[in-house]
Every structure is written in structure tokens, then in C-alpha cells.
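Participant: got a sequence here, can you model it:
(one chain, ligands or ions: 1)
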Amino acid sequence: MNTLYYGENLNWLEAVPDESVDLIYLDPPFNSKATYNILYKSPDGSKDRAQYKAFTDAWSWGAAADEAFRRVMVSGSPAAGILSALHNFMGKSDLMAYLAMMTVRLIEMRRTLTATGSLYLHCDSTASHYLKAMLDAIFGATAFRNEIIWKRSHAHSDGKQGARHFGRVTDTILFYSRGDKPTWNPLHVPYDQSYVDRDYRRVDPDGRRYRLDNIQGPGGAEKGNPYYEVMGVWRHWRYKPARMQELIDAGRIVQTRPGAVPQYKRYLDEMPGVPLQNLWDDLPVLNNRSKEVLGYPTQKPLALLERIISASSNPSDLVLDPFCGCGTAIEAAQKLGRRWIGMDITVLAVDVVERRLINSFSVKRGTDYEVKGVPVSIEGARRLAMDDPHEFQLWALTLVDGQPRNGGKKGSDGGVDGVVFYQDTANSVGQAIVSVKGGGNVGPTDVRDLIGTMNNQGAKLGAFLTLTAPTPKMLKTAAEAGSVEAGGRPRQRVQIRTIEELLQPNRAGRLDLPPVYDIISAISAARRVHKAPKKVSAEAARKEPQMKLPIKGGKADAQKAMDLNEPLLVSERPRRTRKAG
Ligand SMILES: C[S@@+](CC[C@H](N)C(=O)[O-])C[C@H]1O[C@@H](n2cnc3c(N)ncnc32)[C@H](O)[C@@H]1O
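Facilitator: Numbering: from 1, shown residues only. Predicted structure coming up:
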């Protein structure tokens with residue numbers, strides 16, 4: 001079944017059987033030392049664009065790099081020789097760590113590819129030259145198919161920042177295949193308009209553009225082309241007489257004037273276009289206004305992944321993205337009828353992918369795909385809290401459709417681990433403050449802290465999520481905070497939920513909140529609010545006086561939230577079954 005894996009991809013890759021994957025696309029960290037933040041938006045479009053550090057794309061030398069290096073050395077792969085030579089040259093640098101970590105994973109990936117499988121490695125100029133050398137060693141130099149240059153952004157000038165180099169607007173995608181007959185579906189792009197204008201100048205009465213092509217047999221008699229008469233002209237023709245007659249009957253052979261050599265009428269709309277080359281500068285560039293943008297850093301356009309998947313796989317083939325981020329490759333694979341596997345080390349990424357899939361395809365966890373590595377039971381939750389308290393906190397927030405705040409740390413906001421946006425009245429969005437506790441030592445003071453933060457921030461509602469059961473005193477403190485009207489009816493101001501309750505099937509133990517916005521519905525609501533006011537021409541305004549004011553957008557509209565019936569509001573999260581986590 002299609003599977004999303006949360007965790008270190010090297011571990012999960014080891015569990016993927018040999019020769020089972022038809023296509024791998026990987027977009028790993030680039031080693032550019034950048035820090036990538038998820039951008040969360042408030043559904044009411046207010047200026048609050050919270051950021052949360054998703055990952056840093058630098059790998060530094062340490063125990064993991066040492067182990068990766070050791071594993072490559074004993075792998076028997078020719079990559080060991082190159083890695084060892086580079087190690088002599090670079091020592092235990094960050095770049096060396098990056099290469100060791102990538103090489104050990106690439107060796108695993110090749111193992112999983114079928115004989116007709118291909119791999120596309122997305123990188124930039126920081127390390128593409130070293131990665132290519134590694135791939136040549138791992139796959140063999142004859143397995144190299146293309147270096148694809150993808151234009152990721154419009155021209156920009158870094159000059160103001162003091163840069164003394166040309167604008168960097170491209171990424172590199174290295175395309176290798178496991179065998180010499182990889183799955184291949186040639187792709188075409190539309191002809192250049194100047195070519196169409198020059199070569200397809202002729203137009204039929206019904207508007208169809210065509211050109212006239214030579215139908216004489218190349219090589220003449222020597223190549224065995226038949227010699228006969230067509231429309232009064234004797235030549236060696238490309239077609240046998242019977243086929244020529246069919247084309248004449250279909251009106252496809254024309255003579256521009258009596259005695260001229262007949263030619264073939266080639267229609268533009270029957271041509272596939274120009275075969276796609278390795279320079280990809282024709283795809284839409286993602287920006288903040290793009291409809292598909294989810295706030296996930298390094299998100300790639302769907303069109304890019306659709307192109308790769310269409311070219312190098314067939315329907316029902318298995319596509320693997322071991323660094324799937326917000327899941328562009330997964331969405332493209334699902335859309336194109338491929339099976340898929342996605343992996344990511346960030347629980348936030350896995351959560352966004354799942355929401356993205358549910359939103360776009362109405363798929364169901366357990367039926368259409370499964371998620372591995374994310375806790376589905378209280379034991380799994382305890383393990384995560386122990387292994388990685390920070391990831392536990394992020395994961396707990398996903399259970400209530402929350403967005404992390406404050407980088408998960410206590411700071412000026414004191415006690416805010418996250419917020420949940422909800423539709424309060426038809427025209428206003430509320431924020432519930434969330435506090436997450438993964439340790440055993442919780443008491444009424446923690447609940448009072450949350451109430452204090454709610455009061456400071458003017459939040460009507462607060463949620464206290466805890467791994468251990470609340471004490472009677474905590475429940476009393478929460479009850480004393482009373483209730484408040486939210487979303488049209490009174491609700492308890494401070495709601496305590498255990499992780500076990502939140503994991504109940506069918507969300508039986510969920511918070512009592514009005515309809516909430518998750519990361520995806522919040523972003524689309526914010527986008528709607530920010531839509532430019534509709535321009536009304538003077539003439540239209542004169543004819544329809546009621547249209548003089550903008551219909552939507554502009555400052556007056558900033559607090560206007562979406563209609564309560566808006567389908568993007570989160571009403572259903574995937575069912576969580578009680579299995580060992
Ligand atoms: C450049 S982003 C991928 C973006 C993705 N192509 C998209 O369209 O959203 C790289 C991703 O790799 C993940 N990652 C980094 N190291 C990893 C590892 N060792 N195992 C699994 N995922 C990892 C990061 O969390 C990040 O989401």
C-alpha cells in the first residue's frame with residue numbers, strides 16, 4: 001500500500017525490498033547551510049505570518065557521518081574509492097559529511113530500483129559536481145542520462161546585497177537509470193510561436209494551420225522508393241501507390257499549381273510539439289501568490305514532478321521520494337495513478353503531506369495509504385516523547401490541527417506551544433492557545449500558566465494536551481476558568497485532553513472547538529482575504545451603482561473570514577487505529 005514514513009530515511013530505505021521501486025525522485029537538503037522555515041498563515045489574513053524552523057540543510061561531521069563513511073567503505077561500491085579520495089582532500093568537513101550521508105543513501109536507493117528504474121536527484125550548484133561523481137560511481141557512468149537545468153525563479157538581482165556573481169536562478173536535476181532500457185515516455189512541449197508563424201503559414205478555411213512537406217523518397221531509386229506518376233508528375237515517392245492514393249483521397253496530397261511537385265499537407269494540431277530538452281525554463285515559478293503554495297519551505301511545483309513522473313514511469317508503477325517535504329512528488333504520483341512511498345524526518349512534513357492528500361483526493365488512511373513511524377497508540381506516543389520531546393510536541397499539535405508557535409520554546413509568549421485557528425462568528429476567526437506536556441510532572445500550576453497566557457493574549461479558549469492523566473486539582477483549575485461563547489454556543493474555556501483521548505478512533509476525544517482551520521485551509525482562506533479588490537470600470541460603476549465599493553479584499557475586508565459552510569475547514573482527520581506505534 002502507498003506509505004508515508006516518518007523518520008530517518010536511511011532506516012526506512014533499508015526495509016524497502018531490492019528491485020521494487022520504478023522511480024526515485026529525491027530533493028535532499030542542498031548543503032547550502034540555509035535554515036528553512038515553514039510559513040504559517042492566519043486564516044483571517046492578518047499580518048501574523050508565524051514561522052517555524054522546519055529543518056537546516058547542513059549536515060556536519062559527527063557520529064552519523066562517521067558511520068555513513070564507514071558503511072560506504074565496506075559497501076563494495078566503487079563510490080568508496082571516490083569518497084575516500086575526497087575525504088583525503090576535504091577532511092572531516094561539513095561538505096564531506098554531506099557527501100558521506102548522501103552516498104550511503106544513494107547506494108541503498110540504487111538497490112531498490114527495478115532494472116527499468118530511474119533516479120532523479122534534485123540539487124543545486126553547491127554540491128552537484130560531487131554528487132554527479134558519486135552517482136557515476138554508484139550507477140556506472142553509462143547510466144547517466146541527463147543533467148536537467150530547471151529554472152526555479154525569475155531573474156533577480158543580488159547586487160544590492162553586495163554579491164559579485166550572476167543571478168542564481170536554476171537548480172540541477174541529475175537523471176540516472178539503473179539499466180540501459182529505462183521506462184521512457186517521450187514528452188513534448190508546444191512549438192515556439194515564431195516557428196509556428198514561419199513554418200505553418202498556411203491555413204485551411206476551417207482555421208487549421210498546416211505546412212507542406214516533401215513526399216519524395218529519400219535516396220531515390222537506390223533506396224528502393226517506388227517510381228510512378230502522381231498528379232502528372234513522375235518521381236520516386238516515399239509511399240507505395242496504394243498508400244499515396246489513400247492520402248490523395250483524404251485531401252492530404254496537394255499541388256500548389258499545375259505541374260508542381262505534389263506535397264503532403266501536415267497539420268499543426270496533429271504534431272506532438274517539440275521533444276522536451278534538458279533545459280526546463282517553461283514551468284510556472286512558485287511564489288507566495290501561487291495557489292499550490294502550502295507554506296512549506298523548498299516546496300517544488302507540481303508541474304515539475306508531473307513531468308518527471310510522466311516521463312520515467314507508467315501508471316501503477318511505484319514512485320519513491322525519500323526526502324518528501326510537503327509531498328509534491330507524492331501528490332503528482334497519486335494524481336498520475338502511480339503507487340508511492342514518501343519519507344521525511346520531520347513530523348510536520350508528514351502531517352502536511354497527509355492533509356494535502358486528503359484535501360486533493362479525499363483518500364483515507366488505512367484504506368488508500370498508511371503512515372508508519374508516527375505514533376498511533378499511547379505506547380508509541382510515550383516512545384516519541386522520550387526519544388524526541390520536541391517532535392512529540394509538534395506531533396501532539398497535529399492531533400488538534402494546530403500550528404506550532406515560538407519555535408516550540410518558551411519565550412516572550414510564555415507557554416504558547418501552538419495555536420488552533422477556529423471560525424468564531426461568521427465574520428471572525430479565533431485562536432485557541434495550546435500547551436503541550438510530554439513529561440510526567442504536570443500539575444495545576446501548568447494549567448494556571450496556560451490561563452495566564454490566554455488572558456495576556458486575549459484568547460477565549462485554551463487547550464492543555466498532556467501525555468499523563470491530569471490530576472483532580474488540574475481538572476478543578478480548568479473547570480474554574482468557566483465557559484465562554486465560541487462558534488455560537490458555550491464551550492469550556494480551558495480544555496484538558498490526554499494524548500490517549502486524542503488518539504481515540506473517530507476523534508471521539510477531540511477538543512470542543514468550532515470548525516478549525518489547518519495549515520492548508522488557513523493558507524487558502526488567507527489568500528482569499530488578500531485577493532486584490534475587483535477593479536470596476538467607470539462605465540460599470542455608473543451602470544451598477546451598488547458595485548462602487550470593492551466586493552472583496554482591501555483593508556475593510558481583512559477581518560472578514562470565510563463562510564461557515566466553506567468546505568476547506570477541517571472537519572475530518574484520518575482515523576487513527578489502535579495499533580502498536
Ligand atoms: C528540500 S526538502 C524537500 C522538498 C520537497 N521536494 C517538496 O516539494 O516539498 C528536503 C526534506 O528532506 C527532509 N530530510 C532531511 N534529512 C532527512 C533524512 N535524513 N531523512 C528523511 N528526510 C530528511 C527535510 O525534513 C525536508 O522536508
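
Participant: what's the local residue count around the residue of the chain found nearest the ligand?
Facilitator: Taking CB to the nearest ligand atom, the ligand has its nearest neighbour within the chain at Gly325, 2.6 Å off. Just so you know, the C-beta spots here come from the backbone N, C-alpha and C atoms, and that holds for glycine as well. Using other CB atoms under 10 Å, Gly325 is surrounded by 27 other residues.

Participant: that one touches Thr298, doesn't it?
Facilitator: Yes - the criterion here is CB atoms under 8 Å, and Gly325 meets it with Thr298 at 5.9 Å.

Participant: list residues touching both of these two?
Facilitator: Residues touching both Gly325 and Thr298 (CB atoms under 8 Å, 6 or more residues apart in numbering): Asp27.

Participant: relative to Lys41, how far out is Arg528?
Facilitator: For Arg528, the distance to Lys41 equals 11 Å [CB to CB, to the nearest Å].

Participant: neighbour count for those two, which is higher?
Facilitator: More neighbours surround Lys41 than the other of Arg528 and Lys41, with 26 against 18 (other CB under 10 Å).

Participant: which residues of the stretch 1-150 of the chain fall in helices?
Facilitator: Using DSSP state H, counting those that start in this stretch, the helices of the stretch 1-150 of the chain run over residues 9-14, 63-73, 79-90, 94-112, 128-139.

Participant: which residues does the residue nearest the centre of the chain contact?
Facilitator: Nearest to the geometric centre of the chain sits Thr328, at 2.3 Å (CA atoms, centre = their mean). Applying CB under 8 Å, 6+ apart to Thr328 gives the contacts 299-302, 304-305.

Participant: and what of Val74?
Facilitator: Ala80.

Participant: what's the closest non-adjacent residue to the residue of the chain positioned farthest from its centre?
Facilitator: Most distant from the centre of the chain: Gly232, at 61.4 Å, with distances by CA atoms, centre = their mean. Spatially, and ignoring its direct neighbours in sequence, Gly232 is nearest to Gly259 (6.6 Å; CB to CB, 6 or more residues apart in numbering).

Participant: with Arg152 instead?
Facilitator: Once flanking residues are discounted, Arg152 sits nearest to Asp171: 5.2 Å by CB to CB, 6+ apart.

Participant: neighbours of that neighbour, how many?
Facilitator: 21.

Participant: can you list the strands that the helix or strand harbouring it pairs with?
Facilitator: Assigned by DSSP states H and E, Asp171 belongs to strand 170-177. When pairs are called by DSSP bridges, strand 170-177 turns out to pair with strand 113-123 (antiparallel), strand 144-151 (antiparallel).

Participant: pull the distance from the very next helix or strand once past it to the chain's centre.
Facilitator: Going down the chain from strand 170-177, the next helix or strand is strand 188-189, by DSSP H and E. Counting by CA atoms, centre = their mean, to the nearest Å, strand 188-189 is centred 23 Å from the centre of its parent chain.

Participant: and strand 188-189, what other elements does it pack with?
Facilitator: On a contact count with 3 or more CB pairs under 8 Å, 6 or more residues apart in numbering; DSSP states H and E, strand 188-189 meets strand 274-275.

Participant: what lines up beside the strand it packs on in the sheet?
Facilitator: Here strand 274-275 has these sheet partners by DSSP bridges: strand 188-189 (antiparallel).

Participant: what sits up against the partner strand?
Facilitator: 272-276, 282.

Participant: most neighbours of all those, which one?
Facilitator: Counting neighbours by other CB under 10 Å, Leu276 comes out on top of the contacts of strand 188-189 with 15 neighbours.

Participant: list phi and psi for that residue.
Facilitator: Here is the backbone geometry of Leu276 (degrees, to the nearest 10): phi -60, psi 130.

Participant: spatially nearest residue to it, not counting backbone neighbours?
Facilitator: Spatially, and ignoring its direct neighbours in sequence, Leu276 is nearest to Leu187 (4.3 Å; CB to CB, 6+ apart).
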